[in-house]
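A.B. asks: Quick one: sequence plus predicted model below, questions after.
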Amino acid sequence: MKKGFTMLELLAVLAILAILSTGGFVFVRSSIENANRAASTRLVEQVASAEKRFYATQDRNSIEYISEGIIDGSSELVSRGYLDWSITNEDAAKILEYSSSNDELIYKIESVKFPDIYVLQSSKEFRRDLFLSHPDMVDDGDEDDIDLTDPDPDPAPDPDVISDNVFVYGTLLFFNGDSVFGDGATVFIQGDLLSSQLRGNSQIGVSNIYIDGNIDFSGGSAGMGSQEEPGDIIANDNVSFWDGTRSIYGDIYVNGKFSLKDARIYGDVFVNGDLEIGWTPYIAPGKTIYYTGNLEAPNNFNQDILNQTEKVDTVPIKNIPAINMPSLRDSSWYEDNNYTFSNNSPMLSSGERIFGTSYNRNINRNLSNIIIVASQGDIVINAGGRTITGIFYAPNGKVEFSGSQLEGLVISRDGFYVTSGGTDVIFRAATEFVTEEQLPFTP
């Protein structure tokens, strides 16, 4: 005999179905919400990236922002080709001023649907996002970590040898030692810089490096830039970081072709020419290689790395600042300031000062706070395992050092040569040794 369902059983089934349908609706609604938030996050990121592309073609000192107000399919960013609206959703973004000072504006790019999804950008440094609020848009930290301090102040006038910690290498840097240290320091080389000149694996750890020629690092692991205080690396010709794992700190400006294979890049790169990429580079998160020419990369290359490259019409071009070799003082000044006049390269004591046409000496003890001026020729010091500190000034020659460590200021027309392995060079400002009035050259 067939038995039907009781009313109680039917009500129970209906109740279960109601619960399940309600849960399913909530789940569907939540999924739609998450999808919309993800799409809005992508939109804000795309608008921020479009602003970066615009800024990459502008004067870096400009505080102009391309757009304010609502950003949608009819906005200026889209019409001028900086933003592809077809890849976004139906949401819109809004750009508004967040804070301002005399020389800096902080802009906020936020989703209209979800105002908690936003990016802050500085008018001084559009390439660097200060804060990404959405969990999918931030690597670490939270809103309390916002730092509106400009990490890259307005470019100063041409560097001054005295006050700006400049070290003039002239036409060549040949370094057979371990490392050059100089956070905040600047190196000028009026010629090419090759990895073979750096023993293959030395680190030129100074903030600003200006090369009036090519940079060609192939083989070894020689690196460039200061990790603690990165600045600018400017080359007036081609730059190649090909074979050999190496770390490059600071923004790179290339007035030629840029070739990248094994290096680790920790700054933005601006290439006024072609870009060539090999199989195994590393580009730090948030950093981009902007280039104006053609891109050459292997077939089936890593798309994530390609996404960190961007072809633009123009890139900011930074010229190597003008700096002149400081001039010798009158001979009477050296006499009045207790310099020893000798062309025979006498042994020195700590704190001693010498003036001659050249200087060439083996030194068998540590020396501190010495000053050597070679008015016509070279300064050559063979110090064995000793440490020498001071000022070494050869306006018409080179400075050559062999020893454990050299600390101080090197100014030489024909280059700086470190011929001993294992040597460290630490750059120190001239005014750490003497007052400005006591400098051995005309300030």
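C.D. replies: Thanks, I have the structure now.

A.B. asks: how about the residue nearest the centre of the chain, phi and psi?
C.D. replies: Central residue of the chain (CA atoms, centre = their mean): Gly250, 1.3 Å from the mean position. With angles defined as degrees, to the nearest 10, Gly250 sits at phi 110, psi 160.

A.B. asks: just Met224 next, same as before
C.D. replies: When read as degrees, to the nearest 10, the backbone of Met224 gives phi -140, psi 150.

A.B. asks: contacting residues around it?
C.D. replies: Residues near Met224 by CB atoms under 8 Å, 6 or more residues apart in numbering: 203-204, 209, 215, 233, 246, 248-250. For every residue, glycine as well, the C-beta is placed using N, CA and C.

A.B. asks: neighbours of Ala297, just the number please.
C.D. replies: Per other CB atoms under 10 Å, the neighbour tally for Ala297 reads 17.

A.B. asks: how close does it sit to Thr309?
C.D. replies: According to CB to CB, to the nearest Å, Ala297 stands 8 Å off from Thr309.

A.B. asks: Need the residues touching each of the two.
C.D. replies: Common contacts of Ala297 and Thr309, defined by CB under 8 Å, 6+ apart, comprise Ile277.

A.B. asks: what's the closest non-adjacent residue to Ser331?
C.D. replies: Phe355 (7.8 Å; CB to CB, 6 or more residues apart in numbering).

A.B. asks: The helix or strand the one you found falls within: what's the following helix or strand?
C.D. replies: If you go by DSSP states H and E, Phe355 is part of strand 353-356. For strand 353-356, the succeeding helix or strand toward the C-terminus, using DSSP H and E, is strand 359-362.

A.B. asks: Now do that following strand, average pLDDT.
C.D. replies: For strand 359-362, the mean per-residue pLDDT is 93.

A.B. asks: In that strand, which residues are buried?
C.D. replies: Neighbour counts over strand 359-362 (16 or more other CB atoms under 10 Å) mark 359, 361 as buried.

A.B. asks: ok, residues contacting the next helix or strand after it?
C.D. replies: The helix or strand immediately downstream of strand 359-362 is strand 367-374, counting by DSSP H and E. By CB under 8 Å, 6+ apart, the residues outside strand 367-374 that reach it are 328, 334, 339, 348-359, 379, 383, 386-394, 396-397, 433-434, 440-441.

A.B. asks: Name the residues of the longest strand along the chain that are buried.
C.D. replies: For the chain, the longest strand by residue count, based on DSSP state E, is strand 179-189. For strand 179-189, the buried set under the neighbour-count rule, 16+ other CB under 10 Å, comprises 179-182, 185-189.

A.B. asks: Reformat these as CSV; add pLDDT.
C.D. replies: As requested, the buried residues of strand 179-189 are exported to CSV (pLDDT from 0 to 100):
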residue, pLDDT
Ser179, 70
Val180, 77
Phe181, 74
Gly182, 73
Ala185, 78
Thr186, 81
Val187, 84
Phe188, 82
Ile189, 81
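
A.B. asks: hang on, Thr387 packs against Gln405?
C.D. replies: Yes: with contact defined as CB atoms under 8 Å, Thr387 reaches Gln405; the gap is 4.2 Å.

A.B. asks: between those two, who's got more neighbours?
C.D. replies: Higher neighbour count among Thr387 and Gln405: Gln405, with 19 against 16, using other CB under 10 Å.

A.B. asks: Quick check, that one in contact with Phe427.
C.D. replies: No: contact between Gln405 and Phe427 fails when scored by CB under 8 Å: they sit 12.0 Å apart.

A.B. asks: lowest confidence element among the helices and strands of this protein?
C.D. replies: Lowest on mean pLDDT, DSSP states H and E among the helices and strands of the chain sits strand 129-132, with a mean of 33.

A.B. asks: Go through the contacts of Met224 and flag which are in helices.
C.D. replies: Among the contacts of Met224, the subset assigned to helices under DSSP state H is empty.

A.B. asks: Mind checking which of those residues land in strands?
C.D. replies: Those of the contacts of Met224 lying in strands (DSSP E): 203-204, 209, 215, 233, 248.

A.B. asks: Which residue, neighbours along the chain excluded, lies closest to Tyr249?
C.D. replies: Leaving out its chain neighbours, the residue that sits closest to Tyr249 by CB to CB, 6+ apart is Gly225, at 3.2 Å.

A.B. asks: Hmm, the one you found is touching Val206, no?
C.D. replies: Yes: Gly225 is in contact with Val206 according to CB under 8 Å; the separation is 7.5 Å.

A.B. asks: Sketch out the low-pLDDT regions of the stretch 1-150 of the chain for me.
C.D. replies: Low-confidence segments of the stretch 1-150 of the chain, defined by pLDDT under 70, are located at 1-5, 9, 13, 17-35, 52-68, 76, 80-82, 84-91, 97-105, 121-150.

A.B. asks: pLDDT weak spots in the stretch 151-300 of the chain?
C.D. replies: Along the stretch 151-300 of the chain, segments meeting pLDDT under 70 span 151-178, 199-201.

A.B. asks: and what of the stretch 301-443 of the chain?
C.D. replies: Along the stretch 301-443 of the chain, the model assigns pLDDT under 70 to residues 322-323, 443.

A.B. asks: Which parts of it are strands?
C.D. replies: For the stretch 301-443 of the chain, strands defined by DSSP state E, counting those that start in this stretch occupy the ranges 309-311, 340-341, 353-356, 359-362, 367-374, 379-382, 387-394, 399-402, 405-412, 416-418, 424-427.

A.B. asks: Out of these, which gets nearest to Gln197?
C.D. replies: Across the strands of the stretch 301-443 of the chain, Gln197 has its closest neighbour in strand 416-418 (9.3 Å, CB to CB).

A.B. asks: Quick one: neighbours of Asn307, just the number.
C.D. replies: Close neighbours of Asn307, defined as other CB under 10 Å, add up to 10.

A.B. asks: repeat for Asn36
C.D. replies: Count around Asn36 with other CB under 10 Å applied: 16.

A.B. asks: Leaving out sequence neighbours, find the closest residue to it.
C.D. replies: In space, Asn36 is closest to Lys113, 6.7 Å off (CB to CB, 6+ apart).

A.B. asks: what about the one you found, is that helix, strand or coil?
C.D. replies: Here Lys113 is recorded as coil under DSSP: H, G, I helix; E, B strand; the rest coil.
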